[in-house]
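>>> Just the structure for this:
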Amino acid sequence: MELPLEGQVDDLRRDLPEHAALETLTLLAARFPGRTSFSTSFGLEDQIISHLIFEHQLPIRVFTLDTGRNFQETYSTWNKTLLRYGQPIEVFAPQTASLEALVAQKGPNSFYESLENRKECCHIRKVEPLARALAGTQLWFTGIRAEQSANRQHMHRAEWDAGHQLIKVHPLFDWTWDECVAFAQENGIPTNPLHQQGFVSIGCAPCTRAIKPGEDFRAGRWWWENADAKECGLHDTNAHQGLDPVVERMPG
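The predicted model follows:
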């Protein structure tokens, strides 16, 4: 008798090969036929995983979340990826009514005003569309790496996602940034030009900046907040004083 999904996580942590992304993807696509999905935001890690899926014709569904606030460079990378591999990437966008109501009531940049507002924007543009995208999925692949933040160093290559009731696997979990760069260069993978401008973690344009030497990988995301709130609203932190960092000088 097969274990329930949650009960399979420990076995996967033990059985998945280390530093072997292609083998991980191939093994799990066969183990969960028709029930695997990969979400891409067209950053370096995601481009590597997309390359492995498309080049090896793995039966893994690939999708992206179009928040409506992405960088033009991200859209260009998306288009180059379609041209390079000739494979479809499903798109999930915010619900029109929810987004229109948010912008009508609070304006286009309300996320700068408080942590609550930022989480609300993330929920409408990312969290709710992701829930729709993952419907019917048993195993979700992501581009998370342990090196990306202190929080992520405590994660595992295979985890149980209680919120979505599925298994989450990170094929590049034990890769370094330099290894990702080398692999992309060796394989001619289309990459986001923002990476060459100091952007490591790339999200929505208003909420992402380049990082400085020595800063944490996630320092450029929601940089006006405390470091503990760097996961799309998953962790609590203190709100700042309501200034818009794009048009007003931040204190300190």
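>>> gap between Ser37 and Phe92?
Taking CB to CB, to the nearest Å as the criterion, Ser37 is separated from Phe92 by 11 Å. C-beta: built from backbone N, CA, C; applies to glycine.
>>> Mind listing the shared neighbours of the two?
Taking CB atoms under 8 Å, 6 or more residues apart in numbering as the contact criterion, the residues that touch both Ser37 and Phe92 are 63, 133.
>>> any weak-confidence spans in the stretch 51-200 of the chain?
Applying pLDDT under 70 to the predicted model, the residue ranges of the stretch 51-200 of the chain that meet it are 149-154.
>>> Which residues are in contact with the closest residue in space to Trp223 that isn't next to it in sequence?
Computed as CB to CB, 6 or more residues apart in numbering, the closest residue to Trp223 that is not its neighbour in sequence is Arg209, at 5.5 Å. The neighbourhood of Arg209, defined by CB under 8 Å, 6+ apart, consists of 199, 220, 223.
>>> a helix runs through the last one, doesn't it?
No. Under DSSP: H, G, I helix; E, B strand; the rest coil, Trp223 falls outside any helix and is assigned coil.
>>> so what pLDDT did it get?
If you check Trp223, the pLDDT there is 83.
>>> who touches Phe111 in this structure?
Listed by CB under 8 Å, 6+ apart, the contact partners of Phe111 are 117-118, 120-122, 206-207.
>>> Swap in 7 Å and give it another go.
Residues in contact with Phe111, defined by CB atoms under 7 Å, 6 or more residues apart in numbering, are 117-118, 121, 207.
>>> cool, Glu73 as well?
Glu73 makes contact with 192-194 under the criterion CB under 7 Å, 6+ apart.
>>> Restricting to C-alpha, output the helix or strand hosting it in PDB.
Here Glu73, judged by DSSP states H and E, is contained in helix 72-85. Coordinates of each C-alpha in helix 72-85 appear next as PDB, following Å, rounded to 0.1, in the frame of the first residue of the first chain:
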ATOM      1  CA  GLN A  72      10.900  44.200 -18.900                       C
ATOM      2  CA  GLU A  73      14.100  42.200 -18.800                       C
ATOM      3  CA  THR A  74      12.100  39.300 -17.300                       C
ATOM      4  CA  TYR A  75       9.600  39.500 -20.100                       C
ATOM      5  CA  SER A  76      12.400  39.400 -22.600                       C
ATOM      6  CA  THR A  77      13.900  36.400 -20.900                       C
ATOM      7  CA  TRP A  78      10.500  34.700 -21.000                       C
ATOM      8  CA  ASN A  79      10.300  35.300 -24.700                       C
ATOM      9  CA  LYS A  80      13.800  34.100 -25.400                       C
ATOM     10  CA  THR A  81      13.000  30.900 -23.500                       C
ATOM     11  CA  LEU A  82      10.000  30.200 -25.700                       C
ATOM     12  CA  LEU A  83      12.000  30.800 -28.800                       C
ATOM     13  CA  ARG A  84      14.900  28.700 -27.600                       C
ATOM     14  CA  TYR A  85      13.000  25.600 -26.600                       C
END
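>>> What's the first helix or strand after that helix?
Heading C-terminal from helix 72-85, the first helix or strand you meet, by DSSP H and E, is strand 90-92.
>>> next one: that following strand to chain centre, how far?
Mean-position distance between strand 90-92 and its chain equals 14 Å (CA atoms, centre = their mean, to the nearest Å).
>>> any idea which helix or strand comes after it?
In the C-terminal direction from strand 90-92 (assignment by DSSP H and E), the next one is helix 96-106.
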